[in-house]
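[1] Build me a model from this:
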Amino acid sequence: MDRQYFSVKPQDEGLFDINSRQRVLKFILIVSLITFLPLSIKNFVIGETLLASFLVAFELVLLIEIIAVLRLKHSLWGYKPSLFFLSISMVMTVDSFGTLGTYWVFPVVVTVVFLVPQKLALITNGVIIVGSIFTVIPHQEPMVTLRFILALLFSVSIAHCVVETLRQLQSKLSYLSTRDSLTGALNRHQMENSLQAATDLAALGQQTCIAIIDIDYFKKVNDLHGHDVGDQVIKSVVELVNSNSRQTDLLFRLGGDEFLLLFDNTKQESALKLTQNIRNKTIAGLAIQCPQIAEVTLSIGIAQSIANETSEVWVKRADMALYAAKKAGRNQVKVSVIGEYSADKLVNIQSAAK
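    Take a look at the predicted model:
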């Protein structure tokens, strides 16, 4: 079971999110049909058959790719074939029409910067710029060519700076929208999506486990030492749990001093061993990071997913295991035995466990 099923993947293919990208793709499709199709016909008419063929190839590849993304919801071959034909077409346009052809270079390279992943945009624009420079030299005076080079480099540099700034801002906003502001743990919205993905896989026979983690007697920490120390304890717990769990496991903040750890493709026996190790190392780490308070311990409840069980019932079973750990004296891990609890027996026990 891959972690990608549990969490929202960051966008790494261009600047736009999925919904915005679809709108942009439709716009690109319309503009390309209006622009490149007439150009292809014109070049066939004036005898520029090879250039016209590359333009048609670009339009066809782009058309098929966009339709696949919009209708099938997945890419067929990505950006590379379209960018290859576009690069060759641009260089051939400059070679055939000289200065007149250079006018097309500017909007194309800027558009590539905005719509294509950064590395691929740099390679594509590098090919277009270098090819255009060499092919335009015989068509115009050196000083005109120099101005063309400087203007082109200036335009591309500004576009890359703007897009990189927007990407960083988008990444920051994406992080803030998925994380708890105090601890940096994933928030409840992400938890709901991830648990739903895990239950969908459980229906296909791919079970895994969750662990609900509660800080024992946390209210006393706030009462005796203040909320600033309490916040420090919560942040330390998140840091220590994350550092002692696997990179493929996901930690969410349920609220207050409770957290949910979603294991990646882990059965009950393995989850118990992992959780015991996480609990022991977290308690030891808290003694070092928060020496001003008495020993902080953790109670944890574990539940393995069951086919055709809702995520709400799954979480409730883990919550009942947590309650059992607290009832048994806290500072321990309890496991929800599969089949021990049925949906009609699940009750709200959170208030009773405090």
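[2] So which bits of stretch 172-192 are buried?
    Buried residues in stretch 172-192, counted by 16 or more other CB atoms under 10 Å: 179-180, 183, 185-187, 190-191. All C-beta atoms are positioned from the backbone trio N, CA, C, and that covers glycine.
[3] gap between stretch 178-198 and the chain center?
    13 Å (CA atoms, centre = their mean, to the nearest Å).
[4] again with stretch 96-112
    Using CA atoms, centre = their mean, the offset of stretch 96-112 from its chain centre is 34 Å.
[5] same deal with stretch 156-164?
    The answer for stretch 156-164 is 22 Å, by CA atoms, centre = their mean.
[6] Make TSV out of the buried residues of stretch 172-192 and add secondary structure.
    Output for the buried residues of stretch 172-192, formatted as TSV (DSSP: H, G, I helix; E, B strand; the rest coil):
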residue	secondary structure
Arg179	strand
Asp180	coil
Thr183	coil
Ala185	coil
Leu186	strand
Asn187	coil
Gln190	helix
Met191	helix
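[7] got CSV for those, with distance to Gly131 and pLDDT too?
    Shown next, in CSV, are those (distance: CB to CB, whole Å; pLDDT from 0 to 100):
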residue, distance to Gly131, pLDDT
Arg179, 44, 91
Asp180, 50, 89
Thr183, 51, 92
Ala185, 50, 93
Leu186, 46, 93
Asn187, 48, 91
Gln190, 45, 91
Met191, 50, 93
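[8] Name the nearest of those relative to Lys235.
    Using CB to CB, Thr183 is the member of these that lies nearest Lys235, at 5.3 Å.
[9] show me what contacts that closest one?
    By CB atoms under 8 Å, 6 or more residues apart in numbering, the contact set of Thr183 is 234-235, 237-238, 253.
[10] So which of those belong to helices?
    Here DSSP state H is the test, and those give 234-235, 237-238 as lying in helices.
[11] Derive a ChimeraX selection command for the buried subset of these.
    A single ChimeraX command is used to select the members of those judged buried by 16+ other CB under 10 Å:
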select :234,235,237,238
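[12] For the stretch 101-250 of the chain, which residues score under the pLDDT cut-off?
    Within the stretch 101-250 of the chain, no stretch falls below the threshold (pLDDT under 70).
[13] Tell me where it has helices.
    For the stretch 101-250 of the chain, the helices defined by DSSP state H, counting those that start in this stretch occupy 105-115, 118-136, 142-178, 188-202, 218-225, 227-244.
[14] so which of those helices comes closest to Ala307?
    Closest to Ala307 of these, according to CB to CB: helix 188-202, at 5.3 Å.
[15] Show me the contact partners of the closest one.
    When contacts are defined by CB under 8 Å, 6+ apart, helix 188-202 is touched by residues 1, 5-8, 178, 186, 208, 210, 250, 252-255, 260, 262, 305-311, 314-315.
[16] Now do that helix against helix 142-178, angle only.
    With axes from the mean of the first three to the mean of the last three CA atoms, to 10 degrees defining the directions, helix 188-202 sits at 80 degrees from helix 142-178.
[17] follow-up on the earlier one: among the contacts of helix 188-202, which are in strands?
    Among the contacts of helix 188-202, the ones falling in strands (DSSP state E) are 210, 250, 252-255, 260, 262.
[18] From the centre of this structure, point out the most distant residue.
    Glu141 (48.8 Å; CA atoms, centre = their mean).
[19] Neighbouring strands - and their directions - for whichever strand or helix holds Ala303?
    Element membership of Ala303, judged by DSSP states H and E, is strand 298-304. According to DSSP bridges, strand 298-304 forms sheet pairs with strand 209-215 (antiparallel), strand 333-335 (parallel).
[20] Now do it: everything it contacts.
    Counting by CB under 8 Å, 6+ apart, 207-216, 237, 267-268, 271-272, 275, 279, 282-283, 314-315, 317-326, 330-336, 338 sit against strand 298-304.
[21] do the same with stretch 229-242
    Stretch 229-242 is contacted by residues 182-185, 213, 215, 218, 221-222, 251, 253, 257, 259, 261, 278, 281-282, 285-286, 289-290, 292-293, 296, 298 when judged by CB under 8 Å, 6+ apart.
[22] List only buried entries from those residues.
    When the contacts of stretch 229-242 are checked for burial by 16+ other CB under 10 Å, the buried set is 183, 185, 213, 215, 218, 221, 251, 253, 257, 259, 261, 278, 282, 285-286, 289-290, 293, 296, 298.
[23] before we move on, back to that, most neighbours, which of the ones in strands among the contacts of helix 188-202?
    Most neighbours among the ones in strands among the contacts of helix 188-202, by other CB atoms under 10 Å: Ile210, with 30 neighbours.
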